[in-house]
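Sequence and computational prediction follow.
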Amino acid sequence: MLDLFDYQNPPDTLRVKVTPKAKSESIKKQTSADGTVLYKIYVTAAPEDGRANEAVIKLLSKVLGVAKSNLTITHGHTSREKTIKINS
């Protein structure tokens, strides 16, 4: 999963689409024709009481090698499509 992100030029924000209740946790990178990048995140947690959001933050924290406190969901708390800010 480490090759999903450009560590020479890390992004400030990530656009993600979350799939809760997946069989396994993973991240897939999708680049559209106009060059925008969307990360599809699959988590095993159910979308109840914020558990899926917590699982997304935990997975991204692990993959990016940053503390969970450095990741904030800025848009889409109750939506599958979210914007996540990365604080350094």
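It's in.

Mind jotting down where the strands sit in the chain?
13-19, 26-31, 37-42, 71-75, 81-86 (DSSP state E).

export the first one as CSV, just CAs?
Just to be clear, that refers to strand 13-19. The C-alpha coordinates for strand 13-19 follow below in CSV (Å, rounded to 0.1, in the frame of the first residue of the first chain):
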residue,chain,number,x,y,z
THR,A,13,-5.9,16.6,1.7
LEU,A,14,-7.2,13.3,0.5
ARG,A,15,-10.4,12.6,-1.3
VAL,A,16,-11.7,9.2,-0.3
LYS,A,17,-14.6,7.0,-0.9
VAL,A,18,-15.3,4.6,1.9
THR,A,19,-16.8,1.1,1.7
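
Within its sheet, name the partner strands of that strand and how each one runs.
Sheet neighbours of strand 13-19, with direction, are listed as strand 37-42 (parallel), strand 81-86 (antiparallel) (DSSP bridges).

which residues are in contact with stretch 47-65?
1-2, 4-5, 10, 14, 16, 18, 20-21, 25, 27, 41, 43-46, 67-68, 70-71, 73, 77, 82, 84, 86 (C-beta atoms under 8 Å, 6 or more residues apart in numbering). No exception for glycine: its C-beta is placed from N, CA and C like everyone else's.

Which of the residues in it are classified as buried?
47, 52-53, 55-57, 59-61, 63-64 (16 or more other C-beta atoms under 10 Å).

Of these, which pair is most distant in space?
Longest distance between any two of the buried residues of stretch 47-65 is 22.3 Å, between 47 and 64; criterion C-beta to C-beta.
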